[in-house]
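Visitor: with the sequence up front, the predicted model follows.
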Amino acid sequence: MPTALPSSRILGTGHYLPPGVRTNLDLERMVETTDAWITERTGIKERRVAANGVVTSDMATAAGKAALEMAGLKATDLDMIIVATITPDMPMPAAAAIVQRKLGAGVCPAFDISAACAGFVFGLSIADQFITTGQMRHVLVVGVELLSRVVDWTDRTTCVLFGDGAGAVVLGPANAKAGDAKPRGILSTAILTDGSLANSLRIPGGGSAAPASHETVDQRQHCIQMKGQDIFKVAVKNLLSASRNALARAGMTQDDIDWICAHQANKRIIDQVMARVEVPPEKVLMNIDRVGNTSSASIPILMDENYRAGKIKPGDTVLMCALGAGISWGSAIVRL
Ligand code: ACO
(Lines give C-alpha, C1' and ligand atoms only; values in the text may rest on other atoms or scores of the structure.)
Protein backbone atom coordinates (compact mmCIF):
# COMPACT_ATOMS: atom_id res chain seq x y z
CA MET A 1 0.00 0.00 0.00
CA PRO A 2 1.52 3.41 -0.91
CA THR A 3 1.86 5.68 2.12
CA ALA A 4 1.60 9.46 2.37
CA LEU A 5 4.82 11.37 3.01
CA PRO A 6 5.30 12.29 6.68
CA SER A 7 4.66 15.93 7.60
CA SER A 8 6.54 16.07 10.88
CA ARG A 9 9.65 14.42 12.24
CA ILE A 10 11.46 14.11 15.55
CA LEU A 11 14.35 16.58 15.59
CA GLY A 12 15.57 15.85 19.10
CA THR A 13 14.91 13.64 22.11
CA GLY A 14 15.74 14.01 25.80
CA HIS A 15 14.97 12.53 29.17
CA TYR A 16 15.48 13.07 32.87
CA LEU A 17 15.48 10.49 35.64
CA PRO A 18 15.83 11.61 39.26
CA PRO A 19 18.91 10.08 40.91
CA GLY A 20 17.09 8.48 43.87
CA VAL A 21 16.69 4.70 43.44
CA ARG A 22 14.10 2.61 45.32
CA THR A 23 14.79 -1.11 44.91
CA ASN A 24 12.51 -4.09 45.43
CA LEU A 25 14.53 -4.82 48.57
CA ASP A 26 13.63 -1.33 49.86
CA LEU A 27 9.97 -2.16 49.22
CA GLU A 28 10.28 -5.46 51.07
CA ARG A 29 10.91 -3.31 54.15
CA MET A 30 7.81 -1.14 53.48
CA VAL A 31 5.03 -3.57 52.47
CA GLU A 32 4.45 -7.32 52.45
CA THR A 33 6.12 -8.17 49.17
CA THR A 34 9.23 -9.85 47.81
CA ASP A 35 11.79 -9.08 45.15
CA ALA A 36 10.92 -12.47 43.60
CA TRP A 37 7.18 -11.63 43.31
CA ILE A 38 7.76 -8.19 41.81
CA THR A 39 10.41 -9.43 39.38
CA GLU A 40 8.38 -12.42 38.21
CA ARG A 41 5.01 -10.61 37.91
CA THR A 42 6.24 -7.31 36.46
CA GLY A 43 9.92 -7.41 35.41
CA ILE A 44 10.68 -4.46 37.71
CA LYS A 45 13.81 -4.51 39.93
CA GLU A 46 14.02 -0.82 40.87
CA ARG A 47 12.44 2.55 40.11
CA ARG A 48 13.43 6.20 40.49
CA VAL A 49 11.90 8.45 43.15
CA ALA A 50 12.29 12.23 43.02
CA ALA A 51 13.63 14.02 46.10
CA ASN A 52 11.41 16.26 48.21
CA GLY A 53 11.20 19.70 46.64
CA VAL A 54 11.57 18.46 43.05
CA VAL A 55 8.36 19.08 41.08
CA THR A 56 7.00 17.71 37.82
CA SER A 57 7.84 20.83 35.82
CA ASP A 58 11.51 20.58 36.95
CA MET A 59 11.84 17.13 35.42
CA ALA A 60 9.88 18.13 32.30
CA THR A 61 12.10 21.18 31.81
CA ALA A 62 15.27 19.09 32.10
CA ALA A 63 14.00 16.60 29.50
CA GLY A 64 12.79 19.43 27.25
CA LYS A 65 16.17 21.20 27.40
CA ALA A 66 17.96 17.99 26.37
CA ALA A 67 15.59 17.49 23.42
CA LEU A 68 16.00 21.12 22.29
CA GLU A 69 19.78 20.80 22.50
CA MET A 70 19.78 17.68 20.33
CA ALA A 71 17.46 19.43 17.85
CA GLY A 72 19.81 22.43 17.71
CA LEU A 73 16.95 24.74 18.63
CA LYS A 74 16.38 27.41 21.28
CA ALA A 75 13.35 27.46 23.57
CA THR A 76 12.22 30.61 21.78
CA ASP A 77 11.96 28.59 18.54
CA LEU A 78 9.03 26.60 19.99
CA ASP A 79 5.54 27.30 18.60
CA MET A 80 3.72 24.96 21.00
CA ILE A 81 4.36 23.03 24.21
CA ILE A 82 2.35 19.91 25.07
CA VAL A 83 2.87 18.22 28.42
CA ALA A 84 1.30 14.79 28.93
CA THR A 85 0.93 14.17 32.65
CA ILE A 86 -1.47 13.02 35.35
CA THR A 87 0.79 14.49 38.04
CA PRO A 88 1.11 18.22 37.24
CA ASP A 89 2.70 20.55 39.82
CA MET A 90 -0.86 21.61 40.77
CA PRO A 91 -4.37 21.37 39.26
CA MET A 92 -4.07 24.87 37.80
CA PRO A 93 -2.25 26.26 35.85
CA ALA A 94 -1.14 23.63 33.36
CA ALA A 95 2.29 22.14 33.93
CA ALA A 96 3.03 23.17 30.34
CA ALA A 97 2.69 26.86 31.28
CA ILE A 98 5.26 26.41 34.06
CA VAL A 99 7.56 24.46 31.73
CA GLN A 100 7.25 27.29 29.19
CA ARG A 101 8.43 29.79 31.81
CA LYS A 102 11.23 27.56 33.11
CA LEU A 103 12.51 26.89 29.59
CA GLY A 104 12.39 30.58 28.70
CA ALA A 105 10.15 29.90 25.69
CA GLY A 106 8.18 32.71 24.10
CA VAL A 107 4.43 33.21 24.19
CA CYS A 108 2.82 30.23 22.46
CA PRO A 109 0.08 27.71 23.23
CA ALA A 110 1.16 25.49 26.13
CA PHE A 111 -1.24 22.95 27.55
CA ASP A 112 -1.46 19.61 29.35
CA ILE A 113 -3.16 16.46 28.18
CA SER A 114 -4.47 13.76 30.51
CA ALA A 115 -4.29 10.33 28.91
CA ALA A 116 -2.19 8.65 31.62
CA CYS A 117 0.24 6.10 30.20
CA ALA A 118 -0.96 6.77 26.65
CA GLY A 119 -0.35 10.51 27.09
CA PHE A 120 2.89 10.71 25.13
CA VAL A 121 1.39 8.98 22.08
CA PHE A 122 -1.64 11.29 22.33
CA GLY A 123 0.70 14.31 22.48
CA LEU A 124 2.74 13.09 19.53
CA SER A 125 -0.43 12.64 17.47
CA ILE A 126 -1.74 16.13 18.37
CA ALA A 127 1.61 17.76 17.57
CA ASP A 128 1.78 15.93 14.25
CA GLN A 129 -1.68 17.24 13.27
CA PHE A 130 -0.68 20.86 14.00
CA ILE A 131 2.51 20.54 11.94
CA THR A 132 0.64 18.75 9.12
CA THR A 133 -1.83 21.64 8.83
CA GLY A 134 1.07 24.10 8.72
CA GLN A 135 -0.13 25.97 11.82
CA MET A 136 2.98 25.14 13.85
CA ARG A 137 6.62 24.41 12.98
CA HIS A 138 8.32 23.38 16.20
CA VAL A 139 6.40 21.57 18.94
CA LEU A 140 7.79 20.23 22.23
CA VAL A 141 6.02 17.12 23.50
CA VAL A 142 6.88 16.05 27.05
CA GLY A 143 5.71 12.96 28.93
CA VAL A 144 6.39 13.46 32.64
CA GLU A 145 5.20 11.87 35.87
CA LEU A 146 5.94 12.23 39.55
CA LEU A 147 3.94 9.17 40.49
CA SER A 148 5.72 8.64 43.80
CA ARG A 149 3.59 11.54 45.12
CA VAL A 150 0.27 9.82 44.21
CA VAL A 151 1.17 6.24 45.07
CA ASP A 152 -0.24 4.71 48.24
CA TRP A 153 2.98 3.40 49.78
CA THR A 154 0.96 1.05 51.99
CA ASP A 155 -0.75 -0.67 49.00
CA ARG A 156 1.48 -3.46 47.74
CA THR A 157 -0.70 -4.00 44.66
CA THR A 158 0.26 -0.60 43.21
CA CYS A 159 3.28 0.85 45.02
CA VAL A 160 5.70 -1.67 43.52
CA LEU A 161 4.84 -0.64 39.97
CA PHE A 162 5.45 3.05 39.52
CA GLY A 163 8.43 5.40 39.14
CA ASP A 164 9.26 9.05 38.42
CA GLY A 165 10.80 10.52 35.26
CA ALA A 166 10.41 12.66 32.15
CA GLY A 167 10.98 12.21 28.42
CA ALA A 168 10.62 14.73 25.61
CA VAL A 169 10.79 15.15 21.86
CA VAL A 170 10.92 18.22 19.64
CA LEU A 171 8.97 17.83 16.42
CA GLY A 172 9.50 19.92 13.30
CA PRO A 173 8.64 19.77 9.61
CA ALA A 174 9.73 16.51 7.97
CA ASN A 175 10.76 18.14 4.68
CA ALA A 176 10.22 14.78 2.96
CA LYS A 177 10.23 14.73 -0.84
CA ALA A 178 8.37 12.53 -3.30
CA GLY A 179 10.72 9.74 -4.32
CA ASP A 180 12.46 9.52 -0.93
CA ALA A 181 12.86 5.78 -0.38
CA LYS A 182 12.66 6.01 3.39
CA PRO A 183 11.43 9.45 4.47
CA ARG A 184 12.10 10.26 8.12
CA GLY A 185 9.11 11.31 10.21
CA ILE A 186 5.86 10.34 11.91
CA LEU A 187 4.49 7.66 9.58
CA SER A 188 1.26 6.90 11.43
CA THR A 189 -0.53 7.56 14.70
CA ALA A 190 -3.75 6.16 16.15
CA ILE A 191 -5.34 7.09 19.49
CA LEU A 192 -8.45 5.70 21.23
CA THR A 193 -10.35 5.82 24.55
CA ASP A 194 -12.95 3.47 26.04
CA GLY A 195 -14.51 5.27 29.00
CA SER A 196 -16.57 2.24 30.00
CA LEU A 197 -13.46 1.10 31.88
CA ALA A 198 -12.77 4.48 33.52
CA ASN A 199 -13.22 3.10 37.04
CA SER A 200 -10.57 0.39 36.59
CA LEU A 201 -7.70 2.80 37.14
CA ARG A 202 -8.13 6.15 38.85
CA ILE A 203 -7.26 8.69 41.50
CA PRO A 204 -10.79 9.26 42.82
CA GLY A 205 -10.20 12.22 45.13
CA GLY A 206 -9.37 15.86 44.51
CA GLY A 207 -11.74 16.54 41.60
CA SER A 208 -15.36 17.68 41.49
CA ALA A 209 -16.62 14.21 42.42
CA ALA A 210 -14.73 14.13 45.72
CA PRO A 211 -13.14 17.51 46.49
CA ALA A 212 -10.24 17.33 48.90
CA SER A 213 -11.39 16.92 52.51
CA HIS A 214 -10.14 15.24 55.65
CA GLU A 215 -12.19 12.20 54.62
CA THR A 216 -10.66 11.94 51.14
CA VAL A 217 -7.20 12.13 52.68
CA ASP A 218 -8.02 9.57 55.42
CA GLN A 219 -9.47 7.22 52.78
CA ARG A 220 -6.37 7.65 50.56
CA GLN A 221 -8.57 8.82 47.70
CA HIS A 222 -5.75 11.00 46.36
CA CYS A 223 -3.74 7.90 45.51
CA ILE A 224 -3.78 5.57 42.51
CA GLN A 225 -6.37 2.78 42.69
CA MET A 226 -6.17 0.02 40.10
CA LYS A 227 -7.95 -3.20 39.20
CA GLY A 228 -4.74 -4.71 37.90
CA GLN A 229 -6.11 -7.87 36.33
CA ASP A 230 -8.85 -5.99 34.41
CA ILE A 231 -6.24 -3.63 32.98
CA PHE A 232 -3.85 -6.48 32.19
CA LYS A 233 -6.39 -8.32 30.01
CA VAL A 234 -7.53 -5.27 28.11
CA ALA A 235 -3.93 -4.08 27.72
CA VAL A 236 -2.88 -7.22 25.87
CA LYS A 237 -5.94 -7.10 23.60
CA ASN A 238 -5.85 -3.37 22.82
CA LEU A 239 -2.07 -3.04 22.42
CA LEU A 240 -2.19 -5.92 19.98
CA SER A 241 -4.89 -4.26 17.87
CA ALA A 242 -3.16 -0.85 18.19
CA SER A 243 0.14 -2.28 16.94
CA ARG A 244 -1.53 -4.01 14.00
CA ASN A 245 -3.50 -0.85 13.25
CA ALA A 246 -0.34 1.29 13.24
CA LEU A 247 1.37 -1.11 10.84
CA ALA A 248 -1.66 -1.17 8.51
CA ARG A 249 -1.96 2.63 8.48
CA ALA A 250 1.72 2.97 7.60
CA GLY A 251 1.44 0.25 4.93
CA MET A 252 4.04 -1.83 6.76
CA THR A 253 4.50 -5.27 8.25
CA GLN A 254 6.34 -6.19 11.44
CA ASP A 255 9.41 -6.96 9.30
CA ASP A 256 9.69 -3.24 8.45
CA ILE A 257 10.07 -2.33 12.14
CA ASP A 258 13.56 -2.01 13.63
CA TRP A 259 12.55 -1.36 17.23
CA ILE A 260 9.53 -1.61 19.51
CA CYS A 261 9.19 1.11 22.14
CA ALA A 262 6.19 -0.12 24.14
CA HIS A 263 4.92 1.49 27.32
CA GLN A 264 6.78 -0.15 30.20
CA ALA A 265 3.88 -1.18 32.45
CA ASN A 266 4.56 -4.87 32.84
CA LYS A 267 7.12 -7.07 31.06
CA ARG A 268 4.54 -9.86 30.79
CA ILE A 269 2.11 -7.57 28.90
CA ILE A 270 4.84 -6.54 26.44
CA ASP A 271 6.04 -10.13 25.94
CA GLN A 272 2.51 -11.39 25.24
CA VAL A 273 1.70 -8.61 22.78
CA MET A 274 4.97 -8.86 20.86
CA ALA A 275 4.80 -12.65 20.61
CA ARG A 276 1.40 -12.27 18.94
CA VAL A 277 2.60 -9.50 16.61
CA GLU A 278 5.49 -11.90 15.86
CA VAL A 279 8.25 -9.44 16.62
CA PRO A 280 11.54 -11.07 17.70
CA PRO A 281 12.49 -10.26 21.32
CA GLU A 282 15.78 -8.58 20.30
CA LYS A 283 13.79 -5.79 18.65
CA VAL A 284 11.78 -5.08 21.81
CA LEU A 285 13.45 -2.35 23.89
CA MET A 286 13.03 -2.54 27.67
CA ASN A 287 14.03 -0.51 30.71
CA ILE A 288 11.20 -1.52 33.04
CA ASP A 289 13.71 -3.36 35.25
CA ARG A 290 15.48 -0.04 36.03
CA VAL A 291 12.69 2.56 35.94
CA GLY A 292 9.35 0.77 36.49
CA ASN A 293 6.15 2.24 35.08
CA THR A 294 6.70 5.97 34.52
CA SER A 295 3.33 6.33 32.73
CA SER A 296 3.42 9.05 30.05
CA ALA A 297 7.22 9.40 30.40
CA SER A 298 7.84 5.75 29.64
CA ILE A 299 8.15 5.74 25.84
CA PRO A 300 10.19 8.95 25.40
CA ILE A 301 12.63 7.89 28.16
CA LEU A 302 13.12 4.50 26.52
CA MET A 303 13.53 6.04 23.08
CA ASP A 304 16.02 8.68 24.20
CA GLU A 305 18.13 6.22 26.21
CA ASN A 306 18.48 3.93 23.21
CA TYR A 307 19.02 6.77 20.71
CA ARG A 308 21.79 8.32 22.78
CA ALA A 309 23.36 4.89 23.34
CA GLY A 310 23.53 4.43 19.54
CA LYS A 311 21.22 1.41 19.53
CA ILE A 312 18.43 3.23 17.69
CA LYS A 313 20.11 4.89 14.69
CA PRO A 314 18.97 7.78 12.49
CA GLY A 315 16.67 6.29 9.84
CA ASP A 316 15.53 3.38 12.05
CA THR A 317 11.79 2.71 12.22
CA VAL A 318 10.20 2.52 15.67
CA LEU A 319 6.76 1.22 16.63
CA MET A 320 5.37 2.78 19.82
CA CYS A 321 2.29 1.58 21.71
CA ALA A 322 0.84 2.45 25.10
CA LEU A 323 -2.27 1.96 27.22
CA GLY A 324 -3.34 3.50 30.49
CA ALA A 325 -6.14 5.00 32.57
CA GLY A 326 -9.26 6.09 30.72
CA ILE A 327 -8.72 3.59 29.42
CA SER A 328 -6.83 5.32 26.65
CA TRP A 329 -4.43 3.71 24.26
CA GLY A 330 -2.53 4.51 21.11
CA SER A 331 0.24 3.65 18.72
CA ALA A 332 2.63 5.41 16.39
CA ILE A 333 5.22 4.48 13.81
CA VAL A 334 8.15 6.86 13.55
CA ARG A 335 11.24 6.80 11.32
CA LEU A 336 13.84 8.63 13.39
N1 ACO B 1 3.71 -8.62 46.42
C2 ACO B 1 3.25 -9.84 46.74
N3 ACO B 1 2.02 -10.25 46.43
C4 ACO B 1 1.23 -9.39 45.78
C5 ACO B 1 1.65 -8.10 45.41
C6 ACO B 1 2.94 -7.73 45.76
N7 ACO B 1 3.45 -6.52 45.46
N8 ACO B 1 0.64 -7.47 44.76
C9 ACO B 1 -0.38 -8.34 44.71
N10 ACO B 1 -0.05 -9.50 45.33
C11 ACO B 1 -0.84 -10.69 45.52
C12 ACO B 1 -2.33 -10.43 45.45
O13 ACO B 1 -2.82 -10.00 46.68
C14 ACO B 1 -2.85 -11.79 45.04
O15 ACO B 1 -2.90 -12.59 46.19
P16 ACO B 1 -4.13 -13.64 46.39
O17 ACO B 1 -4.00 -14.59 45.24
O18 ACO B 1 -3.84 -14.23 47.72
O19 ACO B 1 -5.38 -12.83 46.34
C20 ACO B 1 -1.75 -12.33 44.14
O21 ACO B 1 -0.57 -11.58 44.45
C22 ACO B 1 -2.05 -12.21 42.66
O23 ACO B 1 -2.49 -10.88 42.41
P24 ACO B 1 -2.90 -10.42 40.95
O25 ACO B 1 -3.49 -9.05 41.02
O26 ACO B 1 -3.71 -11.50 40.31
O27 ACO B 1 -1.47 -10.37 40.25
P28 ACO B 1 -1.15 -10.17 38.74
O29 ACO B 1 -0.37 -11.30 38.26
O30 ACO B 1 -2.37 -9.76 37.96
O31 ACO B 1 -0.16 -8.93 38.77
C32 ACO B 1 -0.18 -6.56 38.31
C33 ACO B 1 -0.61 -7.68 39.28
C34 ACO B 1 1.31 -6.55 38.23
C35 ACO B 1 -0.72 -5.25 38.86
C36 ACO B 1 -0.80 -6.83 36.91
O37 ACO B 1 -2.17 -7.13 37.02
C38 ACO B 1 -0.62 -5.69 35.94
O39 ACO B 1 0.47 -5.38 35.52
N40 ACO B 1 -1.72 -5.05 35.50
C41 ACO B 1 -1.68 -4.01 34.47
C42 ACO B 1 -1.12 -2.72 34.98
C43 ACO B 1 -1.15 -1.67 33.87
O44 ACO B 1 -0.83 -1.94 32.73
N45 ACO B 1 -1.63 -0.47 34.19
C46 ACO B 1 -1.85 0.52 33.14
C47 ACO B 1 -0.86 1.58 33.12
S48 ACO B 1 -0.76 2.49 34.61
C49 ACO B 1 -1.45 4.09 34.31
O50 ACO B 1 -2.19 4.32 33.40
C51 ACO B 1 -1.12 5.17 35.34
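Guide: On my side now, so go ahead.

Visitor: how far does stretch 96-107 sit from the chain's center?
Guide: 21 Å (CA atoms, centre = their mean, to the nearest Å).

Visitor: and the closest residue to Thr253 other than its chain neighbours, helix, strand or coil?
Guide: Nearest non-adjacent residue to Thr253, counting by CB to CB, 6 or more residues apart in numbering: Leu247, 6.2 Å away. Every C-beta, even on glycine, is put in place using the N, C-alpha and C of the backbone. Recorded secondary structure, Leu247: helix (DSSP: H, G, I helix; E, B strand; the rest coil).

Visitor: where's Leu247 relative to the ligand, distance?
Guide: Leu247 is 22 Å from the ligand, where distance means CB to the nearest ligand atom, to the nearest Å.

Visitor: again, but for Arg268
Guide: Using CB to the nearest ligand atom, we find Arg268 at a distance of 7 Å from the ligand.

Visitor: helices or strands up against whichever helix or strand Arg268 is part of?
Guide: Per DSSP states H and E, Arg268 falls inside helix 267-277. Counting contacts by 3 or more CB pairs under 8 Å, 6 or more residues apart in numbering; DSSP states H and E, helix 267-277 packs against helix 35-42, helix 228-249, strand 259-262, helix 288-291.

Visitor: so which bits of the longest one are buried?
Guide: Spelled out, it's helix 228-249. By neighbour count with 16 or more other CB atoms under 10 Å, helix 228-249 contains the buried residues 228, 231-232, 234-236, 238-240, 242-247, 249.

Visitor: out of these, who's nearest Pro91?
Guide: The shortest approach to Pro91 among these belongs to Ile231, at 24.7 Å (CB to CB).

Visitor: just checking, that closest one touches Ile327?
Guide: Yes. With contact defined as CB atoms under 8 Å, Ile231 counts as touching Ile327 (7.1 Å).

Visitor: between the two, which contacts overlap?
Guide: Overlap of the contact sets of Ile231 and Ile327 (by CB atoms under 8 Å, 6 or more residues apart in numbering) consists of 197, 200-201.

Visitor: how about these in a markdown table, adding secondary structure?
Guide: Shown next, in a markdown table, are these (three-state DSSP):
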| residue | secondary structure |
| --- | --- |
| Leu197 | helix |
| Ser200 | helix |
| Leu201 | strand |
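
Visitor: highest neighbour count among those?
Guide: Counting neighbours by other CB atoms under 10 Å, Leu201 leads these with 21 neighbours.

Visitor: residues in contact with it?
Guide: Leu201 neighbours (CB under 8 Å, 6+ apart): 116, 224-227, 231, 324-327.

Visitor: what do you get for Asp194?
Guide: By CB under 8 Å, 6+ apart, the contact list for Asp194 reads 234, 238, 326-327.

Visitor: at 10 Å instead, please
Guide: Counting by CB atoms under 10 Å, 6 or more residues apart in numbering, Asp194 touches 234, 238, 326-329.

Visitor: appreciated, that's everything.
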